[in-house]
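Peer 1: Here you go, sequence then predicted model.
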Amino acid sequence: MTSLENRDSQPARARTRPGIRSRLKSPAAWVVAALITCLVSAVGVGLVKSQFGAVTVKELRWETPSGHLQAAQLLIPKTATSQNPAPGIVSAHGWSDNRELQGPFYIELARRGYVVLNIDTYSHGDSDDLPNGEWWTDDNGANGVYDGVKLLASLPYVDASQIGVEGHSNGAYACNIAVKLDNKAAEPLIAAVLLQNNDPWYTGQEVYGQYFDGADPNWENVYQNRDVGVVASRLEEVFHRIRQADGSLTPGIVYLSQPTAQSFLNFGQDPAGLPQRQADTFYTERIDGKEAVRVIYNPNLSHVWGFVSKRVTAETVEFFDKTLPAPTPIAPDDQVWPWKFWFEVLGVVGCLVLFVAFALMLLRTRYFGVLRATEPVGPVAATAKGKVWLWGGLTATALFSAVSYPVAFAIGLLARPAFFNQERPWVLALWSLVCGLFVALVLFLNYRCYAKKQRIDLKRQGVWLGRGKLPRTVLAAAIAAVVAYTPAFLSYYLFKADFRIWFLVSLRPFEAERLVSVAKLLPFFLVFFVIAAIAANVFNYLRIGKREWVNTAVLAVFSALGPLIVLAVMYSSFFATGLMPGETLGFGLPSMAFWLYPMVVVLPLATVASRILYKATRNPYLPGIAVAILVTAIVCANAMTVQA
């Protein structure tokens, strides 16, 4: 072989065996990597939840005595048998959430030998929906908590005399209702109660959705001889307030010194003249022949940190070990649930990578190949006036986003049409629509005053699609969104695992009827995300600095700036006064902040995904539609639904 022949053959071998760098540029390789990541996540979550087979995890959906279908996961330690029944605990999540958020508690309790029934309360998750306002009526089983108690009491491997309930936020309120129902029962079933980030009952006359009235209360030991604990976070944004005679509210940070907390710790006595009792201390009193316990934990946390806190988890374990001794004692600080948390985060990462990579892979097919960009797509140089429009437009939209959110929140709650039967998704959809229309106005002014004079070709930039591209664009976007969500369904049904980042992003599987909610709200989110994609990739894709990624980073930050401004204003007031803005106007208004947290994460991620797909297609509609479908499904799958 001559040297020339040898040189000619080298490139041929290189072409047939691409290097690592070339493989990393292949969407198919990223799809495979994403699927492997999702599999590792699902297996990891499943192993942590089942404790490598030491705990049996069962998926339940049954007709309760209330006449509704209730969904739950039942965790049964191998040590719990009919010959050796174990204590049982019902775990209840908060408002507009679902049972997966109780992960730290049910994992650590089951690990210590408790049989745990982790429920979707009614109107949440996969349980039946109830009409608005009927969750707390006596015939609805404390929104499912007392129905769960009855189920546990009927199981042969549960000690029916050792049943506890624990819940976070409105799940804690459901536990209070369960105690009320249990007080009326011929044979009470609840032995221990732990209320996380909500008030205990002080008089038995409490009304849902109203602050406790401090005027001459009639103190009462509502819980009788049960063991009761409260996790009252010092930075609590919603609960542990007292309405004073002048209409003002006491902040949660002073809760422990208030007569409400002191009456609770003194078993319903009038605390006037009694020595002040302290946090983290078990107080006992003999009532009806049984020694009962009261304790208030007072961690330096906020409302939403309660269900991702090692301290609160340790306090939960300590409380139940004290009141319903653990069959398998393990130190409270010995916790494995963080492994589940990080495996869940890994699953979210895998699904997001799959979302983008699969969309790019579709562009390699013959049918969708016409959507690929025919030339490189990158930022354009900006004139001085162009930079003014860039920064001015970004600032204006961020400020409008911040100002419009409280208005959308108020209107959305006060004037929600019955047709839209999911409260939080409706508010976010309404806000998205308003913001999308404002961005469209800014783009119109930009085009008339600047872009048109610069001879920017909207057709070339993808604003006007060529013939036949729109149907393929819509189909490709829908396929990418569905494929990205599919691993969440598979992991749940194969490994009983879910993918989530705290309560910020959760790809949770859902029943088919939830698609109706998605269809109702999708048009609102489509308006916002499509217009946002046009703004980011056509009008605002200008060169900033020396690196192309700087523009993407700037737009990602500005996309979340509106929500961040709202949160900054609300929490500045909170840390200055102990109260969130507007609390005196009505109970529950601080939830306005909680509903906004996910947007701080979702909007920047959507911006980055939009930019990647636009660079491959010069088509802003594909990422806009795909992101809208995915976000709508996520929002609707993780919210309370009232019966239409």
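Peer 2: Done, it's in.

Peer 1: so what pLDDT did the residue nearest to Ala54 when sequence neighbours are not counted get?
Peer 2: Spatial nearest neighbour of Ala54, excluding adjacent residues (CB to CB, 6 or more residues apart in numbering): Lys78 at 5.6 Å. Using the backbone N, CA and C atoms, a C-beta is placed for each residue, glycine as well. Listed pLDDT for Lys78 reads 98.

Peer 1: And Lys78, how close does it get to Phe52?
Peer 2: Distance of Lys78 to Phe52, computed by CB to CB, to the nearest Å: 11 Å.

Peer 1: same thing with Leu613?
Peer 2: Going from Leu613 to Phe52 by CB to CB gives 40 Å.

Peer 1: These two - which one has more neighbours?
Peer 2: Regarding Leu613 and Phe52, a neighbour count based on other CB atoms under 10 Å identifies Leu613 as having more, with 27 against 8.

Peer 1: pLDDT value on that one, please?
Peer 2: In this model, Leu613 carries a pLDDT of 98.

Peer 1: Leu4 now?
Peer 2: In this model, Leu4 is scored at 35, pLDDT.

Peer 1: Pull out the CA atoms of stretch 232-251 and give them to me as CSV.
Peer 2: What follows is stretch 232-251, C-alpha atoms only, in CSV (Å, rounded to 0.1, in the frame of the first residue of the first chain):
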residue,chain,number,x,y,z
ALA,A,232,-45.2,25.7,64.3
SER,A,233,-42.5,27.2,62.0
ARG,A,234,-41.2,30.5,63.3
LEU,A,235,-41.3,32.0,59.8
GLU,A,236,-44.8,30.7,59.1
GLU,A,237,-46.5,32.9,56.4
VAL,A,238,-50.1,31.7,56.8
PHE,A,239,-51.1,30.2,60.2
HIS,A,240,-50.6,30.8,64.0
ARG,A,241,-52.1,34.3,63.9
ILE,A,242,-54.6,35.8,66.3
ARG,A,243,-57.1,38.5,65.2
GLN,A,244,-56.9,41.3,67.8
ALA,A,245,-59.8,43.6,68.8
ASP,A,246,-58.4,46.4,66.5
GLY,A,247,-58.3,44.0,63.5
SER,A,248,-54.6,43.6,63.5
LEU,A,249,-52.9,40.2,63.4
THR,A,250,-50.2,38.8,65.6
PRO,A,251,-47.2,37.4,63.6
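
Peer 1: quick check: mean pLDDT across it?
Peer 2: What stretch 232-251 shows for mean pLDDT is 94.

Peer 1: and what of stretch 85-103?
Peer 2: Mean per-residue pLDDT for stretch 85-103: 95.

Peer 1: What's the end-to-end length of that stretch?
Peer 2: Separation of the first and last residues of stretch 85-103 by CA to CA, to the nearest Å is 23 Å.

Peer 1: Could you list the buried residues of stretch 257-264?
Peer 2: Residues of stretch 257-264 classed as buried under the neighbour-count rule (16 or more other CB atoms under 10 Å) are 258-264.

Peer 1: whoops, stretch 276-286 was the one
Peer 2: By 16+ other CB under 10 Å, the buried positions in stretch 276-286 come out as 277, 279.

Peer 1: How far does it stretch from one end to the other?
Peer 2: End-to-end distance of stretch 276-286 (CA to CA): 20 Å.

Peer 1: what's the spacing between that stretch and its chain's center?
Peer 2: Its chain's C-alpha centre and that of stretch 276-286 lie 34 Å apart, by CA atoms, centre = their mean, to the nearest Å.

Peer 1: How about stretch 340-356?
Peer 2: The answer for stretch 340-356 is 15 Å, by CA atoms, centre = their mean.

Peer 1: I'd like the numbering to begin with 55 instead of 1 from here.
Peer 2: Got it, first residue is 55 now, which makes that one stretch 394-410.

Peer 1: one step back: can you redo the buried residues of stretch 311-318 as JSON lines, where the extra columns are distance to Phe498, pLDDT and secondary structure?
Peer 2: JSON lines is the format used below for the buried residues of stretch 311-318 (distance: CB to CB, whole Å; pLDDT from 0 to 100; DSSP: H, G, I helix; E, B strand; the rest coil):
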{"residue": "Gln312", "distance to Phe498": "54", "pLDDT": "97", "secondary structure": "coil"}
{"residue": "Pro313", "distance to Phe498": "59", "pLDDT": "97", "secondary structure": "helix"}
{"residue": "Thr314", "distance to Phe498": "55", "pLDDT": "97", "secondary structure": "helix"}
{"residue": "Ala315", "distance to Phe498": "56", "pLDDT": "98", "secondary structure": "helix"}
{"residue": "Gln316", "distance to Phe498": "61", "pLDDT": "98", "secondary structure": "helix"}
{"residue": "Ser317", "distance to Phe498": "61", "pLDDT": "97", "secondary structure": "helix"}
{"residue": "Phe318", "distance to Phe498": "59", "pLDDT": "98", "secondary structure": "helix"}
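
Peer 1: ok, now which ones touch Ala226?
Peer 2: Listed by CB atoms under 8 Å, 6 or more residues apart in numbering, the contact set of Ala226 reads 146, 220, 249-252.

Peer 1: no no, Arg470
Peer 2: 477, 480.

Peer 1: where's the residue nearest to Ala108 relative to Ile384, distance?
Peer 2: Counting by CB to CB - Lys132 and Ile384 are separated by 15 Å.

Peer 1: now do Ile598
Peer 2: Distance, Ile598 to Ile384, using CB to CB: 53 Å.

Peer 1: More neighbours: these two, which one.
Peer 2: A side-by-side neighbour count of Ile598 and Ile384, using other CB under 10 Å, places Ile598 first with 20 against 15.

Peer 1: correct me, but that one touches Thr606?
Peer 2: No: Ile598 is beyond contact range of Thr606, at 9.4 Å (criterion: CB atoms under 8 Å).

Peer 1: still on that earlier bit, neighbour-wise, give me the winner out of the contacts of Ala226.
Peer 2: Counting neighbours by other CB under 10 Å, Ala146 leads the contacts of Ala226 with 32 neighbours.

Peer 1: give the contact list for that one.
Peer 2: By CB under 8 Å, 6+ apart, the contact set of Ala146 is 156, 173, 175, 197-199, 202, 219-222, 225-226, 228-229.

Peer 1: from these, which is closest to Thr540?
Peer 2: Nearest to Thr540 among those: Gln156, at 25.3 Å, using CB to CB.
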